[in-house]
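S.K.: Got a sequence here, can you model it:
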Amino acid sequence: MSLRKSKLDLLVRVRYSNPLPAPPCPPKLIDIPTNPLRYAQPTFINVVTNDTPLPMIVDAECGMPLDLGRWEYLWEENGNDDTLNPDPDNLPSLDPKDRLLLGDPSTYATPYTIPTTSGTSTPLPPHVPWLRKTEYLSREGVQRTSSSHESKQLLQPINVSHEAQLQTIEAGFTASTSLDLSTLSHPNKTGVTAIQSYDVLPDADIWANAYDLFRFNERPGERPIDTEDPRLDCAILRPMESDGDHFLAYYLTKEDADALEFKEERFALKSGEENRTTAFHFVRDYETVKIEQEVPNEFLLVLDNGDAGERGPGAYYKNIERKMTLKKKRMNQNDTYADKWQVVHISHVAMSSDELEERNEALAEVVDPLYLFSRDAEGEVDADGEVDIGGIEIGAEGDAEGDGGIMAEIF
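M.R.: Numbers count the residues shown, from 1 in each chain. Predicted coordinates:
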């Protein structure tokens with residue numbers, strides 16, 4: 001006798017139940033603000049509303065009966081109308097409940113509370129977005145209340161008249177000349193006092209140069225982080241382009257001695273001199289992640305005690321033109337470069353006349369006291385694109401009225 005076996009005999013028909021326990025707390029009602037524009041228009045159910053009668057009983061007084069018999073002035077000729085038209089100088093006393101409604105809720109020291117049957121009151125929860133952690137709700141309500149009162153106390157009327165502005169300027173000069181360092185304290189660190197003060201002045205030595213701030217996601221170069229690399233102070237970033245993509249090529253010297261010698265010669269050079277060439281070798285390419293065209297709150301600051309004697313003591317600053325964040329560019333063998341250099345030879349060359357003129361023009365912003373007046377005197381451009389220079393009017397197309405030699409001087 002043969003026995004037939006099926007695949008179902010290999011299955012163990014056992015079911016394990018895993019019941020979920022009941023929730024330990026009742027569900028919470030969460031306030032979810034919804035945009036009314038998400039709802040359908042009321043005209044969508046006009047047909048249904050027209051065919052459905054409203055089971056409402058509305059009296060002639062709309063649920064607000066008004067007993068006019070309480071005012072005798074409405075029925076008698078010589079009645080007293082003080083109850084309807086009270087005297088503004090002698091107003092009747094308000095009920096305490098009405099007086100509370102006439103107050104400004106924003107001036108209260110504590111938020112509005114809901115009275116309970118036990119006699120205590122609970123404050124209303126602040127409006128919070130959906131799916132927020134509940135442990136921060138009460139703390140946030142207290143912080144909002146305190147911050148709103150502090151801002152109201154700080155808001156004071158400011159006098160912006162001409163005399164007040166002059167007094168403020170004079171007070172600034174007085175405070176700078178009679179500054180007592182013992183009265184100054186650190187705003188965040190208690191016990192830290194000022195030792196010396198500096199005048200904040202523009203740095204005329206480097207003002208004509210344009211400085212950009214580059215931030216790397218990783219330390220550039222091939223050396224580990226714990227190893228000192230003096231070559232990073234004199235690296236070269238060269239703009240590159242490949243198939244419409246713009247990136248930067250990074251160059252360093254081969255040896256530390258070449259970088260140190262390059263920096264010593266650069267600081268020892270005088271105007272008009274030339275030095276030997278220094279070779280910078282290609283390391284890798286970097287691409288820009290983020291570019292900030294305006295950097296209003298970051299500066300280059302140099303604290304100079306005046307020991308060199310070339311300028312007085314002070315804190316000399318120079319603004320930063322742009323700030324960029326760089327990351328390593330992935331190497332692709334199919335990239336086609338327009339002009340890729342493996343080695344760059346750098347040497348100091350005297351500036352040309354055009355470069356000197358451009359440098360002096362940028363330096364005049366902090367050196368020439370009459371810089372703003374000279375800029376205004378060069379010309380004013382009206383709405384039609386015409387420039388008035390020295391009494392000669394030049395149109396937007398470049399034609400001039402006056403002496404014919406003015407075009408050669410401008411262009």
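S.K.: tell me the strands in the stretch 101-250 of the chain, going along the chain?
M.R.: Under the criterion DSSP state E, counting those that start in this stretch, strands of the stretch 101-250 of the chain are mapped to 113-115, 121-123, 200-202, 212-216, 236-242, 245-252.
S.K.: and among those strands, the most buried is which?
M.R.: strand 245-252 (a mean of 17; mean count of other Cβ atoms under 10 Å). (C-beta placed from N, C-alpha, C; glycine too.)
S.K.: quick one on the thing from earlier: would CSV of the strands of the stretch 101-250 of the chain with mean pLDDT and distance to residue 67 be doable?
M.R.: As requested, the strands of the stretch 101-250 of the chain are arranged in CSV below (pLDDT from 0 to 100; distance: least, Cβ to Cβ, whole Å):
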stretch, mean pLDDT, distance to residue 67
strand 113-115, 54, 31
strand 121-123, 54, 35
strand 200-202, 90, 77
strand 212-216, 90, 79
strand 236-242, 88, 88
strand 245-252, 90, 84
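S.K.: you'd agree residue 303 is in a helix?
M.R.: No. Using DSSP: H, G, I helix; E, B strand; the rest coil, the assignment for residue 303 is strand, not a helix.
S.K.: Give me the neighbour count for it.
M.R.: Counted by other Cβ atoms under 10 Å, the residues lying close to residue 303 total 10.
S.K.: can I get the strands of the stretch 101-250 of the chain in CSV with distance to residue 23?
M.R.: Below are these laid out as CSV (distance: least, Cβ to Cβ, whole Å):
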stretch, distance to residue 23
strand 113-115, 26
strand 121-123, 23
strand 200-202, 63
strand 212-216, 50
strand 236-242, 60
strand 245-252, 56
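S.K.: Flag the helix or strand of the chain with the lowest per-element mean pLDDT.
M.R.: Using mean pLDDT, DSSP states H and E, the weakest-scoring helix or strand in the chain turns out to be helix 406-410, at a mean of 32.
S.K.: Cross-check the contact I'm expecting between residue 213 and residue 323.
M.R.: Yes. Using Cβ atoms under 8 Å, residue 213 is in contact with residue 323, at 4.4 Å.
S.K.: Please work out which residues outside the top strand by length along the chain touch it.
M.R.: Identified as the longest strand of the chain according to DSSP state E is strand 278-292. Contact with strand 278-292 is made by 216-217, 220-222, 235-237, 240, 245-254, 258, 261-262, 322-329, 331, 340-347, as judged by Cβ atoms under 8 Å, 6 or more residues apart in numbering.
S.K.: returning to what we had before: need the residues touching each of residue 213 and residue 323.
M.R.: Listed as contacting both residue 213 and residue 323 by Cβ under 8 Å, 6+ apart are 295, 298.
S.K.: got the end-to-end distance for stretch 323-336?
M.R.: 28 Å (Cα to Cα, to the nearest Å).
S.K.: Give me the contact list for that stretch.
M.R.: 212-218, 242-243, 247-248, 284-292, 295, 298.
S.K.: same thing but 6 Å
M.R.: Residues outside stretch 323-336 that contact it (Cβ atoms under 6 Å, 6 or more residues apart in numbering): 213-217, 242, 247, 285-292, 295.
S.K.: what's near enough to touch residue 300?
M.R.: Shown in contact with residue 300 (Cβ under 6 Å, 6+ apart): residue 318.
S.K.: Quick one: distance of the helix or strand that contains it to the chain centre.
M.R.: According to DSSP states H and E, residue 300 maps onto strand 299-304. Here strand 299-304 is found 24 Å from its chain centre; the criterion is Cα atoms, centre = their mean, to the nearest Å.
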